[in-house]
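In: Mind folding the following:
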Amino acid sequence: MEAIVFERFGGPEVLALGEREKPRPGPGQVRVRVVAAGVNPLDYKIRNGWMQAAFPTPLPSVPGLELAGVVDELGDGVTELEVGDEVFGQADTGAYAEYALATHVVPKPAGLSWEQAVALPVAGETSERVLKELELGPGETLLVHGAAGVTGSVGVQLAVARGATVIGTASPDNHAFLREIGATAVAYGEGLVERVRALAPQGIDAVYDAAGRGALPDSIELRGGTTSRIVTIADQAAATLGVAFSGGGTPLPGPVYEAHAKLAAEGRLRVRVAETFPLSGAIKALELSETGHAKGKLVIKP
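Out: Have a look, this model is predicted:
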């Protein structure tokens with residue numbers, strides 16, 4: 001099969017399109033013919049070797065955490081899926097390939113596109129984890145930094161579904177999108193504290209930072225000087241400020257993936273897809289991801 005492979009850690013130059021043996025599923029695994037693979041910032045961080053402590057990566061390696069595709073072969077003990085089923089979830093082996101192995105996949109609803117399905121696993125897991133850590137409840141007000149990004153926008157929609165009021169920071173050209181998904185939009189940058197206070201005079205109950213753009217000091221001020229109920233997934237200054245940094249990657253239970261898929265199929269959980277690439281364009285996709293300027297999800301379609 002064709003796959004994107006890197007044999008040493010480094011920048012995009014270490015990636016190459018090559019041939020690899022099709023993997024064979026072990027007990028509890030399925031082999032998936034990949035129709036779509038999701039691109040995530042974690043992919044280039046792993047490729048650079050920055051995540052070895054959390055994600056030990058043997059070399060050579062194939063990137064890619066998210067996949068959507070068709071079950072091609074069953075491992076021993078798999079009874080809930082059949083060959084030919086359309087599924088999505090997290091990959092056990094790299095998803096930037098024509099075939100990949102997976103343990104944590106669930107059926108893809110017929111009304112959900114491959115691109116929308118593959119955008120859900122990582123953003124869904126991250127946002128479910130953060131909202132749980134924040135102990136967000138109905139009637140509370142949540143401030144989301146980077147609310148128009150893939151992960152931030154999923155967090156906005158899951159918080160709204162919980163009955164929270166959400167204020168989201170984003171550039172002005174993303175404000176219409178934030179309003180469409182249920183958030184009150186506000187521009188980030190100088191004067192943010194005053195703008196948020198005008199929108200939420202009752203105060204901010206919790207903060208979810210999905211941007212990592214230095215908004216934590218403002219967040220602490222908006223929380224009345226406390227660092228409680230502020231969680232970032234992106235700002236490396238968190239520790240020096242006493243703010244919780246949330247890192248994860250553990251797949252969600254199947255029923256949660258299925259619930260997200262149902263919401264997405266019904267149009268109640270939206271992810272903007274910025275661009276799709278063939279497998280040969282995976283290097284370009286990762287380069288674009290690394291700039292941080294993609295206007296939505298980047299998807300590879302082998």
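In: From the chain's centroid, how far away is the host helix or strand of residue 158?
Out: Under the criterion of DSSP states H and E, residue 158 resides in helix 150-161. How far helix 150-161 lies from its chain's middle: 11 Å, per Cα atoms, centre = their mean, to the nearest Å.
In: For that helix, list every residue counted as buried.
Out: 150, 151, 152, 153, 154, 155, 156, 157, 158, 159, 160 (16 or more other Cβ atoms under 10 Å). For the C-beta atoms, the positions are set from N, CA and C on the backbone; glycine is no exception.
In: what do you get for stretch 267-284?
Out: By 16+ other Cβ under 10 Å, the buried positions in stretch 267-284 come out as 269, 270, 271, 272, 273, 274, 276, 277, 279, 281, 282, 283.
In: Compute the first-to-last residue distance for it.
Out: Terminal residues of stretch 267-284 are spaced 30 Å apart (Cα to Cα, to the nearest Å).
In: Residue most distant from the centroid, this protein?
Out: residue 201 (31.2 Å; Cα atoms, centre = their mean).
In: Give me the contacts around stretch 246-260.
Out: Contacts to stretch 246-260, defined as Cβ atoms under 8 Å, 6 or more residues apart in numbering, come from residues 42, 54-55, 65, 88-90, 103-104, 106-107, 120-121, 124-126, 128-130, 133, 231-233, 269.
In: Can you spell out which helices and strands pack onto the following helix or strand past the helix holding residue 158?
Out: Downstream of helix 150-161, the next assigned helix or strand under DSSP H and E is strand 165-169. In terms of contacts (3 or more Cβ pairs under 8 Å, 6 or more residues apart in numbering; DSSP states H and E), strand 165-169 is packed against strand 141-145, helix 150-161, strand 184-186, helix 192-199.
In: Can you give me the distance of the nearest residue to residue 290 once chain neighbours are set aside to residue 192?
Out: Leaving aside its sequence neighbours, residue 290 sits nearest to residue 44 (Cβ to Cβ, 6 or more residues apart in numbering; 5.0 Å). With the distance defined as Cβ to Cβ, to the nearest Å, residue 44 ends up 29 Å from residue 192.
In: so where is the stretch 51-200 of the chain shaky, pLDDT-wise?
Out: For the stretch 51-200 of the chain, no stretch has pLDDT under 70.
In: All the strands of it, in order from the start?
Out: Remark: strands assigned in the stretch 51-200 of the chain by DSSP state E, counting those that start in this stretch are 66-74, 86-90, 99-102, 104-107, 141-145, 165-169, 184-186.
In: can you put the ones you listed in TSV and add mean neighbour count and distance to residue 196?
Out: Shown next, in TSV, are the strands of the stretch 51-200 of the chain (neighbours: other Cβ atoms under 10 Å; distance: least, Cβ to Cβ, whole Å):
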stretch	mean neighbour count	distance to residue 196
strand 66-74	23	32
strand 86-90	24	34
strand 99-102	25	41
strand 104-107	22	37
strand 141-145	26	6
strand 165-169	25	6
strand 184-186	20	6
